[in-house]
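Q: fold the following and give me the result.
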Amino acid sequence: MVELKNDTALAAMREAGRVVGEALAAVERAAAVGVSLLELDEVARGVLSGAGAVSPFLGYRPSFAPVPFPAVICASVNDAVVHGIPDGYRLRDGDLVSIDCGAVLDGWAGDAAVSFAVGTPRAEDAALIDATRRALEAGIAAAVVGNRTGDIGHAIAAVARRARRGVPEGFGGHGIGRRMHEEPSVPNEGRPGRGYPLKPGLVLAIEPMLTGGGRSDYLTDEDGWTLRTTDGSRAAHFEHTVAITEEGPRILTLP
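A: Numbers count the residues shown, from 1 in each chain. Here you go, the predicted structure:
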């Protein structure tokens, strides 16, 4: 069932989204050579706790997962595409890091992700990060009343293909509201004019993930969560929670 949100709900989701944006900004500021992924998770925990929010990631266990997720961020490094579990790994100069974070505040959820380089970025990583950010911007620009979810996916994939980047098959965004994952699904590849119609009050988490090697397949680590590129190329991930309004798309997860 798809729930359309009224102005009161959107205002509440903006507050939840603000917490997510602040957590991501704090994690990116803290990410430096020698800092561990567990330490970054602690930074995000502090932001959520300070805002009176809780994590929808912590303890989350979908049907594919062998164990509940043990952290409040997903921390995916280099060839990890998404769902990386924070551990004792200490960041190195040139690492490409993707951080995904969610928050629930007063019963409403927000979800966003960002990718960045630690220390001195590789030129190819900077290009991949830029392409993924532009794919998100294109997807958000397509999130207008009268379009459909397929238009969002088509916009994302068009940027990826022009940049010769891969789009992991079967992954994309989702509806969001009282729960982190709601209907409808939002593909990262799609056909214009197909899919669920975009109406005022619909809120979507739009999240392109692109791989540097151009492939769409992936491998799953033994932990059952972390997805990696099959060719060892690096990956990037950006996400915002976005409301569909008569005035155009409204990003809810800015700091």
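
Q: and stretch 128-144, which residues are buried?
A: Across stretch 128-144, burial judged by 16 or more other CB atoms under 10 Å covers 128-129, 131-140, 142-144. For every residue, glycine as well, the C-beta is placed using N, CA and C.

Q: equivalent analysis for stretch 66-82, please.
A: In terms of neighbour count (16+ other CB under 10 Å), stretch 66-82 has its buried residues at 69, 71-82.

Q: please apply the same query to stretch 159-169.
A: V159, A160, A163, R165, G166, V167, P168.

Q: now the end-to-end length of stretch 188-208.
A: Length of stretch 188-208, first residue to last, CA to CA, to the nearest Å: 6 Å.

Q: centre of the chain to it, how far?
A: Chain-centre distance of stretch 188-208: 15 Å, with CA atoms, centre = their mean, to the nearest Å.

Q: any idea of the mean pLDDT in that stretch?
A: What stretch 188-208 shows for mean pLDDT is 97.

Q: what residues are up against D41?
A: D41 makes contact with A71, V72, I73, A75, P86 under the criterion CB atoms under 8 Å, 6 or more residues apart in numbering.

Q: nearest to H154 among the buried residues of stretch 128-144?
A: Taking CB to CB as the measure, H154 lies nearest A142 of the buried residues of stretch 128-144, at 7.4 Å.

Q: tell me the contacts of the closest one?
A: Contacts for A142 (CB under 8 Å, 6+ apart) come out as D151, I152, H154, A155.

Q: 6 Å instead?
A: D151, I152, A155 (CB atoms under 6 Å, 6 or more residues apart in numbering).

Q: now do the SS call for D125.
A: Look at D125: counting by DSSP: H, G, I helix; E, B strand; the rest coil, its state is helix.

Q: ok, the closest residue to it other than its chain neighbours to A155 distance?
A: In space, and not counting its chain neighbours, D125 is closest to L96: 4.7 Å by CB to CB, 6 or more residues apart in numbering. In this view, L96 and A155 are 24 Å apart by CB to CB, to the nearest Å.

Q: thinking again about what came up before, verify the stated contact: the residue nearest to D125 with N78.
A: Yes - with contact defined as CB atoms under 6 Å, L96 counts as touching N78 (5.5 Å).

Q: quick check: neighbours shared by these two?
A: The overlap between the contact sets of L96 and N78 (CB under 6 Å, 6+ apart) consists of R234.

Q: low-confidence regions, the stretch 151-255 of the chain specifically.
A: Low-confidence segments of the stretch 151-255 of the chain (pLDDT under 70): none present.
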